[in-house]
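# from the sequence below, what's the structure:
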Amino acid sequence: MKVWSVLLALSFALLSGCLVTFKDPIPTSDTAPPKLLGTWTSKNAWGEPLELEISRAGANLYKAVSYRKGDRKNRDEYTFTVSRHGSRWYVSAALPEKYGANYVIAGFDLVDNDNAADELVVYDLDLERMQQLIEQKTFEGQPIETEKGDGVLITTSMDKVFAYLDDTANSDVFLKAAQYQRMTK
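Residues are numbered from 1 along each chain as shown. So this is what the prediction gives:
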């Protein structure tokens, strides 16, 4: 089994409340790992089947579409960009006004079995941990309120944010948010 450690802003596919957002987007200089593209399936907290489709939307631009299986009319759709820093990948998605109209980042791991990415594990940034980092003056930021819940806006430069996130000693800032399996035909 081979694990591709990659960080990706897919938390937009799971938006359900408290958010960690950023004033600035990440740079858009890299291409996402090809194994990320495709259709993934999971179940929500109520056991309902979910699907997540990830595809190209342009040069260094990608699209994520999430919905309950069989209900493509009621879906969330976001575009995102990818950038690699250190040993990790990051992506950024602009959020609509109801989520604060800033940018979000998150993470994921692609787990390979027999040279095919069979599993996608998505990570969100821990809101409480990020609030602590603001209180400790590691990051600059402030609390925000959106119609979907409370959150925090990080205004620190992305270079400083990446320096912190790239340090493996700080991996506790990420929480597992979802686990998907590659959809087979």
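
# next SSE downstream of the helix or strand hosting Ala64?
Ala64 belongs to strand 61-68 when assigned by DSSP states H and E. Downstream of strand 61-68, the first helix or strand assigned by DSSP H and E is strand 75-85.

# just checking, what packs against the strand holding Ala64?
In terms of contacts (3 or more Cβ pairs under 8 Å, 6 or more residues apart in numbering; DSSP states H and E), strand 61-68 is packed against strand 49-58, strand 75-85. Any C-beta I mention is one placed from the backbone N, CA and C, and that applies to glycine too.

# out of those, which gets nearest to Gly141?
Proximity to Gly141 (Cβ to Cβ) singles out strand 75-85 among those, at 19.6 Å.

# buried set for that closest one?
If you call a residue buried by 16 or more other Cβ atoms under 10 Å, then strand 75-85 has these buried ones: Tyr78, Phe80, Thr81, Val82, Ser83, Arg84, His85.

# nearest to Thr146, of the residues you listed?
Tyr78 (15.4 Å).

# quick check, the closest one in contact with Ala57.
No. Checked against Cβ atoms under 8 Å, the pair Tyr78 and Ala57 is beyond contact range at 9.8 Å.

# what's the nearest residue to Asp118 if we skip its chain neighbours?
Spatial nearest neighbour of Asp118, chain neighbours left out: Arg182 (5.4 Å); criterion: Cβ to Cβ, 6 or more residues apart in numbering.

# Leu95 touches Ala101, doesn't it?
Yes. Using Cβ under 8 Å, Leu95 is in contact with Ala101, at 6.0 Å.

# so which of the two has more stuff around it?
Leu95 (23 against 12; other Cβ atoms under 10 Å).

# overlap of the contact sets of Tyr78 and Ala57?
Listed as contacting both Tyr78 and Ala57 by Cβ atoms under 8 Å, 6 or more residues apart in numbering are Lys63.

# give the buried residues for stretch 140-157.
Gly141, Ile144, Thr146, Lys148, Gly151, Val152, Leu153, Ile154, Thr156.

# what sits up against the helix or strand hosting the fifth one?
This points to Gly151. Following DSSP H and E, one finds Gly151 within strand 149-154. Residues outside strand 149-154 that contact it (Cβ under 8 Å, 6+ apart) are 16-23, 100, 102, 127, 130-131, 134, 139-145, 161.

# repeat that for 10 Å
15-24, 95, 99-100, 102-105, 125, 127-128, 130-131, 133-134, 139-145, 160-161 (Cβ atoms under 10 Å, 6 or more residues apart in numbering).
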